[in-house]
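S.K.: build me a model from this:
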Amino acid sequence: MSGIWRYQSTSIPLRLANAGAVVALPLLAVEQLGDVAVGGFLVAVALFPSVIAAPLVGALLDRMRRPRLLLIIGGAITAAAYLFASQLGTLPIGVIALILAVAGFVTPAYMGGLSSFAPDNIEPVRKAYAQDALSYTIASVGGPALAALAIPLAGSARLAMVLLAALAFIGAMAGFGIRMHPKAGTVEGLGRTIARGMTYLVRHKPIAIVTTAGTVSQIAGGALGIAAIAISLERTGSEASAAWIVTAYAIGGLAGALFMAIRTWTTRGPVWVMGMGFVATGAFLLIAVPALPVGFTFAAVFIAGLFAAPANAAMMLLRDKESKPNVRSQVFTIGAGLRVTAAAVGAAVAGLIAGFDAGWLVAGMAIIWILSGAILWFFPNPPARTGVIPVQKGPQAP
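M.R.: Model prediction:
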């Protein structure tokens, strides 16, 4: 079995299920209870614990002799939680919320945490993170689409949740075949392991810069859905085009990720790719600021999405290059948790200012993306920012 197949057969089903639940849970709440607010509550309960648990899960992955077990357990718990959630309307809301919260605490194992082990399965390391970015992009596009299509085809949001549970279970079982080599380092208390990881994240300037830029960019990313609705209402008089705007960005991201996974498109260093990727995303979004026909908006957002995947892959490559082995999983899980939080903040802020002209909202998003790219200018290693990086090999198979 090839390393790519081994890795993607685990990562894609788990991440598809996670992304699909964000859509399926509110639809299930409307179907069974007639209350979308309950769906929003359940989504928040499922997502928020991952932010809190990220340092702990990362520390466990850094310490465990068999980190693969945590991945498998996390996937199995997620599958069970989605299966229980499918019984909304039969089981009490509080019980389902509690089970989803438990699943949320193990989510970092297969989101940010799994990313830190991509080079154990795929080499060179640049290709490993290109494939990981492809996995995230497929999930972000396919998860919501799968949930939305499954409901009319199956005739019930309950069955959509069962399908997502099955996907999570498939990913968990595929985890038995994935390579996750234990990290090198001395054995110490769990508290000290977490403290060391947090300290490294703050004090090691390259990681601090990459984490800050990646987090700031997600403020704009989180605002995209609200901005799409505002543009659609303002320029077409209906919210119907909003989904197509978001889809255009997602398809652009998928196209960029596929191209990058197939071939190396630049020999520039990862700092340059990450910084310029964010800047280009913002620059093309500026095209969508004027009140032009909505087709121009689709095109601008699609092109902006093309640059997002290379930037995100470069971000993960930098996390790997600049992290010591005994804190690497924490760097990935905490970074992912901060990006989830930033996206939530972006969505909340966009919702508060959605009454203003949609062009201003898009301009604000574009500026945030450009600023996040500019943060990379402060990266302390100029050769990595502008030079050519050598081909790197991941750990050899046992």
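S.K.: burial check on residue 208, number of neighbours?
M.R.: 17 (other CB atoms under 10 Å). Where you see a C-beta, it was placed from the backbone N, CA and C, and this is true even at glycine.
S.K.: A strand includes it, no?
M.R.: No: using DSSP: H, G, I helix; E, B strand; the rest coil, the assignment for residue 208 is helix, not a strand.
S.K.: i'd like the first residue to be 124 from this point on
M.R.: Yes, from this point I'll number from 124; that puts the last item at residue 331.
S.K.: and the gap between it and residue 456?
M.R.: Residue 331 sits at a distance of 16 Å from residue 456 (criterion: CB to CB, to the nearest Å).
S.K.: got it, and residue 291?
M.R.: Computed with CB to CB, the distance linking residue 291 and residue 456 is 18 Å.
S.K.: residue 153: which element?
M.R.: helix 126-156 (DSSP states H and E).
S.K.: quick one: average pLDDT of that helix?
M.R.: In this model, helix 126-156 has a mean pLDDT of 88.
S.K.: and it, how far from the chain's centre?
M.R.: Distance of helix 126-156 from its chain centroid, counting by CA atoms, centre = their mean, to the nearest Å, is 12 Å.
S.K.: the next helix or strand after it packs against which elements?
M.R.: Next helix or strand after helix 126-156 toward the C-terminus (DSSP H and E): helix 159-186. In terms of contacts (3 or more CB pairs under 8 Å, 6 or more residues apart in numbering; DSSP states H and E), helix 159-186 is packed against helix 126-156, helix 190-208, helix 216-229, helix 235-238, helix 313-326, helix 451-475.
S.K.: circling back: just the angle between the helix holding residue 153 and helix 216-229, please?
M.R.: Helix 126-156 and helix 216-229 are oriented at 160 degrees to each other (axes from the mean of the first three to the mean of the last three CA atoms, to 10 degrees).
S.K.: which parts of helix 126-156 are buried?
M.R.: 126-127, 129-152, 154-155 (16 or more other CB atoms under 10 Å).
S.K.: buried sites along stretch 370-383?
M.R.: By 16+ other CB under 10 Å, the buried positions in stretch 370-383 come out as 370-380, 383.
S.K.: tell me which of those fall in strands.
M.R.: Judged by DSSP state E, the subset of the buried residues of stretch 370-383 located in strands is empty.
S.K.: redo the residues you listed as a markdown table? Include distance to residue 322 and pLDDT.
M.R.: Output for these, formatted as a markdown table (distance: CB to CB, whole Å; pLDDT from 0 to 100):
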| residue | distance to residue 322 | pLDDT |
| --- | --- | --- |
| 370 | 41 | 78 |
| 371 | 41 | 85 |
| 372 | 36 | 86 |
| 373 | 36 | 82 |
| 374 | 40 | 86 |
| 375 | 38 | 89 |
| 376 | 33 | 85 |
| 377 | 37 | 84 |
| 378 | 39 | 87 |
| 379 | 35 | 85 |
| 380 | 33 | 80 |
| 383 | 33 | 73 |
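S.K.: and those, which two are furthest apart?
M.R.: Greatest spatial distance in these: 370 and 383, 20.0 Å, computed using CB to CB.
S.K.: so which residues of the stretch 224-373 of the chain form helices?
M.R.: 235-238, 248-277, 280-297, 313-326, 328-359, 365-385 (DSSP state H, counting those that start in this stretch).
S.K.: and the ones you listed, which is most packed in?
M.R.: Comparing the helices of the stretch 224-373 of the chain by mean neighbour count (mean count of other CB atoms under 10 Å), helix 235-238 ranks first with a mean of 28.
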